[in-house]
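S.K.: quick one: sequence plus predicted model below, questions after.
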Amino acid sequence: MGGIGASGIILLVLIALLLFGPNKLPELGKAFGRTLREFKKGANDLMDDSKDRQANRVEVSSEEIQQPKTERRLPE
């Protein structure tokens, strides 16, 4: 099962032309482009935030990890 071929794209364009008319298609294309641009910008911002968080992580030494926890006793 492959992707959409050339005939599928032509069929989609013809259906869109019939549904929206020739005057609305450029506006829809611009809106789609803006939406895609905003999505990519948001995804890049998330990736940058993730990289910043990883760079700012506090490193814990192995000695701190291996220290035994003190036992707590409940009052009798």
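M.R.: Looks like it came in fine.
S.K.: now the helices for this structure?
M.R.: Applying DSSP state H to the chain gives helices spanning 6-20, 25-55, 62-66.
S.K.: pipe those helices into TSV and attach mean neighbour count and mean pLDDT per row.
M.R.: No exception for glycine: its C-beta is placed from N, CA and C like everyone else's. Shown next, in TSV, are these (neighbours: other Cβ atoms under 10 Å; pLDDT from 0 to 100):
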stretch	mean neighbour count	mean pLDDT
helix 6-20	11	89
helix 25-55	10	87
helix 62-66	7	58
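S.K.: roughly how far apart are Arg53 and Asp45?
M.R.: Note on Arg53: its distance to Asp45, by Cβ to Cβ, to the nearest Å, is 13 Å.
S.K.: now swap in Leu25 and tell me
M.R.: Counting by Cβ to Cβ, the separation of Leu25 from Asp45 is 31 Å.
S.K.: Val13 now?
M.R.: Distance of Val13 to Asp45, computed by Cβ to Cβ: 33 Å.
S.K.: now do Gly5
M.R.: For Gly5, the distance to Asp45 - Cβ to Cβ - is 35 Å.
S.K.: before we move on, what about Ile10?
M.R.: To Asp45, Ile10 is 36 Å away according to Cβ to Cβ.
S.K.: same check, this time on Phe32
M.R.: Phe32 sits 20 Å away from Asp45, going by Cβ to Cβ.
S.K.: done for today, thanks.
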